[in-house]
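Colleague: Structure, please.
(chains A and B)
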Amino acid sequence: MLEKIFMGLEKYGSLGAWILVCFFMVIGSLVAASLRTLGYLQPFTIISIVVAVTLIPGVILAVLYLDYLEETH
Amino acid sequence: MQPRSIGIVLVVFGLLAGASILWNWPFKVVVAGGGPASLMYFTLLLVVGVPAVLVELAFGSRSGSDFPQSLGTIRPRLEFFGWFAVVNAFWLLVWLCSILSWSACFAYYSLTSYYPLSNWLYPLSGSFYFANYFFNYGSLLMPLAGLAIVWGSVLLILLKTSWGSKIRALAIKVVFPALAIVLFTILVLAVFLPGGLNPGLNFYLGFNPSVFLNGSSWRTMTTLLLFNLGAGLGVLGFYAGRIPESRSRMVSSSILAPLLGIGLIFLGGLAFFTMSGASGLVDSLSSSFLPMGLLGFPAAPFVGWSAGFAVIERSMGPLIGKGLAFLFYTLIVAAGVVGLTLIMEPITETLKTKFRLGKKRFLVVFVALGFLSSVPFTLTSSFPLGFYLMSVANWWVEGFGLTLVVLVELVAAGWIWGADNIVGYVNSGSRIKLPKWFGWIIKFVAPGALILVLAVGVYDTLSGYVLYSWGFFLPLALSWLTSGWFTNLNNVFLLLLLVWLVSNLTVALVLTRKKPVEKG
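Modeller: Below you'll find the model as predicted:
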């Protein structure tokens, strides 16, 4: 599945890594927004959630994608 | 046994992640003061963590030998620090096994009717009630049985080499995903409980300027980072030297491994603090973690987890509460045992190579020594001596031992091997290339940060910051320890320092001077 995603992003070259990071930034914002509807969250808590979701799955997938890109070209 | 580099990295981080989720991460986040500790950790990950892992992988890959020798190839005198790291790693193993033995006990308690879960009525009086069960019911035999299970499993896996790779593959496919699912389930359940988000999550991720500006908080998170990364143990370099393909993945591994590790740990933190908020352990008025004042820090994470499971049990029934508790503690032990074998392998292989000993006999002696050394950390009575020793040992082994070894590695890489040379070496083999400025981080930024960490550590030790370890138990301890030299806890604290320092220095010195035994 991961390979299919990477193959889809291949045409964008290294820009694909940024697309992945931005995608997870959006996911992080959505997670923080849905948690906010459940109860009070401090602004910094919201920022931390967005950073964590962007950094952990986002950067992991971006690095794996760059590795894949170097391997296939 | 030659598992792929990413697999090895995953399992090593799985071990440290397991111990971290259960004890080290919640403990240190509370010690740091909560608040922005996670974001401080992410910053340190980029500034100190990635260079530390990269340098260790590069050393191992360059020399293709064990850690002391790979340091020795840079400059012969540095071999001493390699052996210092090996002895320090032994103490870390002893400490880790004690944590895992407590986890094994809690897996058992979660299935028995005596488990404190069902007795957690409300935070303040509940915690004292809990303490009675926690420290008295279990008796000395329970943690000892846990310890025997942990060390016995490790010995079995190491003796049966063919099992090793299968068990590790199983750990990657089953144990870590299962642990992630359990933690995610706890988080989802706790988020809907009153207090889970506020103050629970806000204590964990909110902003507190006094934490952010406190040098001790930065130091706490840095030493925790080195522990979580497995840096300074020589483990990563050992495997990098034995897996040729690891060179092409050096840069990606040094970014992926820390992020994968923190992924699971961060999730564990989310589960822990939302549960603690729901169980009333996080005080919204003072923005503090209550057990730190009530029970003393060392036991606080165990209290937090159990109280959280109790709240889930109360809200959703015993099947979910006890079931999740049992799964959680069991998976922590399973992940830990598999990871322990991966940390032990470089240590035992390094020593075996030096002495040319038979594998079976050597492993049995090593495990027996490890078991005996772990026993003091599991002692319980009216005073939880084991926790208290665990906390103090962590202060020296993690706080100073790992920091010192990583600092030596970075100085050796940046100033002796040469920052440009190491960047050139990594780029000549790795698919992803390092930018040239990364050499400056290896040469100046990361070592500078670690020198500051050591300086703050010395200041904190001398100024009594470490006394957080005793907290509530100080009067209890004084009555428990009858008379004489041991009545002064500072003496016990110094005794542990002496044991750790003298054993590390003398064994490292002897091993450095001893020439390897020739074959035949």
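
Colleague: Would you mind giving the secondary structure of the closest residue to B:M316 other than its chain neighbours?
Modeller: Closest residue in space to B:M316, ignoring its immediate chain neighbours: B:L189 at 6.7 Å, by C-beta to C-beta, 6 or more residues apart in numbering or on different chains. In short, each C-beta sits where N, CA and C put it, glycine included. At B:L189 the chain is in helix, as set by DSSP: H, G, I helix; E, B strand; the rest coil.

Colleague: Also the one 5 residues further on?
Modeller: Reducing the assignment to helix, strand or coil with three-state DSSP, the entry for B:P194 is coil.

Colleague: any idea how far A:L69 is from the closest residue to chain A within the stretch 301-450 of chain B?
Modeller: When scored by C-beta to the nearest C-beta, the stretch 301-450 of chain B has B:R431 as its residue closest to chain A, at 3.8 Å. Per C-beta to C-beta, to the nearest Å, B:R431 is found 9 Å from A:L69.

Colleague: which of the two has more neighbours?
Modeller: A:L69 (19 against 16; other C-beta atoms under 10 Å in any protein chain shown).

Colleague: next one: phi and psi at that one?
Modeller: phi -60, psi -40 (degrees, to the nearest 10).

Colleague: Identify the residues contacting it.
Modeller: A:6, A:10, A:13-14, A:16 (C-beta atoms under 8 Å, 6 or more residues apart in numbering or on different chains).

Colleague: Next: B:Y425.
Modeller: By C-beta under 8 Å, 6+ apart, the neighbours of B:Y425 are B:58, B:62.

Colleague: Surely it is within a strand?
Modeller: No. B:Y425: not assigned to a strand; according to three-state DSSP it is helix.

Colleague: quick one, what contacts B:P68?
Modeller: Contacts of B:P68 (C-beta under 8 Å, 6+ apart): B:79, B:82-83, B:85-86, B:234, B:350, B:511-512.

Colleague: what's the burial count for B:K436?
Modeller: 12.

Colleague: residue contacts, B:L201?
Modeller: So B:L201 contacts A:35, A:41, A:45, B:191, B:270, B:273-274, B:277 (C-beta under 8 Å, 6+ apart).

Colleague: With secondary structure and pLDDT added, can I get those in CSV?
Modeller: CSV is the format used below for the contacts of B:L201 (DSSP: H, G, I helix; E, B strand; the rest coil; pLDDT from 0 to 100):
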residue, secondary structure, pLDDT
A:L35, helix, 93
A:L41, coil, 92
A:T45, helix, 93
B:V191, helix, 94
B:L270, helix, 95
B:F273, helix, 93
B:T274, helix, 94
B:G277, helix, 89
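
Colleague: Up against chain B, what does chain A have?
Modeller: A:35, A:38-45, A:48-49, A:51-52, A:55-57, A:59-60, A:63-64, A:66-67, A:70-71 (C-beta under 8 Å from any C-beta of the partner chain).

Colleague: Would you list the buried entries among those residues?
Modeller: A:35, A:39, A:41-42, A:44-45, A:48-49, A:51-52, A:55-57, A:59-60, A:63-64, A:66-67 (16 or more other C-beta atoms under 10 Å in any protein chain shown).

Colleague: Tell me which of those residues fall in helices.
Modeller: Per DSSP state H, helices hold the following members of those: A:35, A:44-45, A:48-49, A:51-52, A:59-60, A:63-64, A:66-67.

Colleague: Just give the number of residues close to residue 16.
Modeller: Using chain A. Neighbour tally, A:G16, other C-beta under 10 Å: 21.

Colleague: please go with chain B instead
Modeller: 26.

Colleague: For chain B, which segments count as strands?
Modeller: B:282-283, B:288-289 (DSSP state E).

Colleague: Now the two most distant members of the contacts of B:P68.
Modeller: The largest distance within the contacts of B:P68, taken as C-beta to C-beta, falls between B:G234 and B:T512 and amounts to 14.1 Å.

Colleague: Looking at those two, which is more packed in?
Modeller: Using other C-beta under 10 Å as the criterion, B:G234 and B:T512 rank with B:G234 on top: 29 against 18.

Colleague: Now that one: closest residue in space, sequence neighbours ignored.
Modeller: That would be B:F67: by C-beta to C-beta, 6+ apart, it lies 2.8 Å from B:G234.

Colleague: distance of that neighbour from chain A?
Modeller: 26 Å (C-beta to the nearest C-beta, to the nearest Å).

Colleague: Now do the same contact list for that residue.
Modeller: B:F67 neighbours (C-beta under 8 Å, 6+ apart): B:59-60, B:82, B:85-86, B:234, B:237-238, B:346, B:350.

Colleague: May I ask which of those has the most neighbours?
Modeller: Most surrounded of those: other C-beta under 10 Å gives B:A85, at 32 neighbours.

Colleague: Run through the residues that contact that one.
Modeller: Counted by C-beta under 8 Å, 6+ apart, B:A85 has contacts B:67-68, B:232-234, B:401, B:405.

Colleague: Taking those residues together, which two end up most distant?
Modeller: Farthest pair in the contacts of B:A85, by C-beta to C-beta: B:P68 and B:G401, 15.1 Å.

Colleague: residues near A:E3, how many?
Modeller: The burial count for A:E3: 9, using other C-beta under 10 Å.

Colleague: Quick check: it is in a strand.
Modeller: No. Assessed with three-state DSSP, A:E3 is helix; it does not lie in a strand.

Colleague: Let me see the confidence value for the nearest residue to it once chain neighbours are set aside.
Modeller: Spatial nearest neighbour of A:E3, excluding adjacent residues (C-beta to C-beta, 6+ apart): A:Y68 at 7.5 Å. Per-residue confidence (pLDDT) for A:Y68: 88.

Colleague: Okay then, goodbye and thanks.
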